[in-house]
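>>> sequence and predicted model, in that order:
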Amino acid sequence: MKQSFDERCYDKLRKVPKGKLTTYKDLAHTIKSQAYRAVGTAMNKNPYAPQVPCHRVIKSDGFVGGFAHGTSKKIAMLKKEGIEIKNGKVVSMQRYLYRF
DNA sequence: CGGTTGACCAAGT
DNA sequence: GACTTGGCCAACC
């Protein structure tokens, strides 16, 4: 059965555990696509809000990026999961990145 | 089916 | 090191 691009994003992202992160680029690459922009668009829709941790997706630069309910909310959640964030940027994001 | 848009990225100035 | 530009792909009108 063929899933839409969006559904593939959710399926992969769903595997990211608490306290870990991934980037838009990395996520897109995981589903064999280069559509990092479309990934962001998919997250914005995010119909699987609680199941899919869309707040654990950040930019490749390490900046948190955007969030449907406000970037501040996203940051707050990540901090709660033990991730250190400074001025909207994740500190040492490399150590939090999840390997698919 | 062309044109616009987006929770992006990388290279150039 | 801040700012601009072009490029990427899917979704929407």
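Everything's here; your move.

>>> would you say A:Lys15 is within a helix?
No. Assignment of A:Lys15 by DSSP: H, G, I helix; E, B strand; the rest coil gives coil, placing it outside any helix.

>>> that one against A:Phe100, yeah?
Yes. Contact between A:Lys15 and A:Phe100 holds when scored by C-beta atoms under 8 Å: they sit 6.9 Å apart. C-beta: built from backbone N, CA, C; applies to glycine.

>>> from A:Phe67, how far out is the closest residue to A:Ser92 other than its chain neighbours?
What sits nearest to A:Ser92 in space, not counting adjacent residues and going by C-beta to C-beta, 6 or more residues apart in numbering, is A:Glu84, at 7.4 Å. Separation of A:Glu84 from A:Phe67 (C-beta to C-beta, to the nearest Å): 18 Å.

>>> cool, A:Lys32 as well?
When distances are taken as C-beta to C-beta, A:Lys32 and A:Phe67 turn out to be 26 Å apart.

>>> go on, A:Pro53?
For A:Pro53, the distance to A:Phe67 (C-beta to C-beta) stands at 12 Å.

>>> quick check: chain neighbours aside, which residue is closest to the residue of chain A found nearest DNA strand B?
Taking C-beta to the nearest atom of the strand as the measure, the point where chain A comes nearest DNA strand B is A:Gly66, at 2.1 Å. Taking C-beta to C-beta, 6+ apart, and ignoring the residues beside it in sequence, A:Gly66 has A:Gly40 as its nearest neighbour in space, at 7.2 Å.
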